[in-house]
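1. Sharing a model that was predicted from the sequence below.
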Amino acid sequence: MKIGTTALSLVLLIALAGTLENAKALTPIIEIAQTSTVATKNIINLVLFQYVDVVLKNRISYTGTLTVFDSRKQTIEISRNSDSRSLPINQIQQITFRPYITNFCKEQKCSPPPPVMRGSKITLSGIPLDAFVLLDAKKGQASVDITKIVNETKENPIPPQEPDEILYVEKIQFESTGKMTIKVMLTNHKFDSGE
């Protein structure tokens with residue numbers, strides 16, 4: 001009986017040792033799975049001026065308010081008074097954003113001159129069309145996902161912002177590759193839209 005108990009104890013001890021070795025072998029796999037990170041998105045908020053000048057590749061231009069930016073259908077829509085016009089992005093050279101309609105005079109009263117913007121100019125190149133989202137056209141709110149730029153260059157083109165700083169979009173230029181360049185101004189000055 002004593003030999004049987006000793007043999008049984010020996011078998012249990014070997015089984016326990018094998019289980020511990022398996023647990024040690026699995027530990028690095030579990031640690032690797034727990035330490036993998038999910039890539040974070042770099043989405044920045046932008047402010048759009050109320051008025052836009054849209055210049056087509058054939059040099060025809062339109063002035064109005066940007067009301068739709070549809071990257072899926074690759075069209076934009078601009079409105080002025082009660083008229084609205086849909087334009088295909090592949091025909092657009094650039095969109096320039098302004099706080100006022102330039103040279104607008106009615107009954108010999110002209111709109112005020114555009115303000116002088118002071119701040120840091122930043123160029124975001126190679127932005128995919130679907131990275132730009134028009135959040136609220138009436139409030140001039142948009143966002144752009146710069147994750148691809150940050151991943152490719154390993155640096156963020158937007159410096160750390162102070163709480164009172166705003167990124168105003170000055171210009172969007174469309175490239176033949178289906179991407180765009182967005183020129184922004186980082187400033188702590190708030191502009192009145194002229195309404």
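-> Yes, it's here.
2. can I see the domain layout of the protein?
-> 1-36, 43-187 (automatic domain parsing).
3. what's near enough to touch I166?
-> Each residue near I166 by Cβ atoms under 8 Å, 6 or more residues apart in numbering is listed here: V47, L186, T187, N188, H189, K190. Glycine gets a C-beta too; all of them are placed from N, C-alpha and C.
4. Recalculate using a threshold of 7 Å.
-> If you count contacts by Cβ atoms under 7 Å, 6 or more residues apart in numbering, I166 has them with V47, T187, K190.
5. Of the domains of the chain, flag the one that's most buried.
-> domain 43-187 (a mean of 15; mean count of other Cβ atoms under 10 Å).
6. Rounded mean pLDDT for that domain, please.
-> Model confidence over domain 43-187 averages 88 on the pLDDT scale.
7. From start to finish, how long is that domain in a straight line?
-> 18 Å (Cα to Cα, to the nearest Å).
8. returning to what we had before: let's have the contacts of I166 in TSV, adding secondary structure.
-> Formatted as TSV, those follow (DSSP: H, G, I helix; E, B strand; the rest coil):
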residue	secondary structure
V47	strand
T187	strand
K190	coil
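9. what would those look like in JSON lines with distance to V54?
-> JSON lines is the format used below for the contacts of I166 (distance: Cβ to Cβ, whole Å):
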{"residue": "V47", "distance to V54": "19"}
{"residue": "T187", "distance to V54": "24"}
{"residue": "K190", "distance to V54": "25"}
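10. quick one: the helices in this structure?
-> 2-35, 147-153 (DSSP state H).
11. Which of those helices has the lowest mean pLDDT?
-> Mean pLDDT is lowest for helix 2-35 among those, at a mean of 52.
12. Verify the stated contact: S84 with V68.
-> No: the criterion here is Cβ atoms under 7 Å, and S84 misses it with V68 at 8.6 Å.
13. roughly how far apart are V68 and T75?
-> Applying Cβ to Cβ, to the nearest Å, the value for V68 to T75 is 7 Å.
14. Who is I95 paired with across the strands?
-> V54, I172 (DSSP bridges).
15. the strands in the chain, which residues?
-> 43-48, 51-56, 61-70, 75-80, 83-88, 92-98, 105-106, 109-110, 120-128, 132-136, 141-145, 166-174, 179-187 (DSSP state E).
16. strand partners of the third one, parallel vs antiparallel please.
-> The strands beside strand 61-70 in its sheet (DSSP bridges) come out as strand 51-56 (antiparallel), strand 75-80 (antiparallel).
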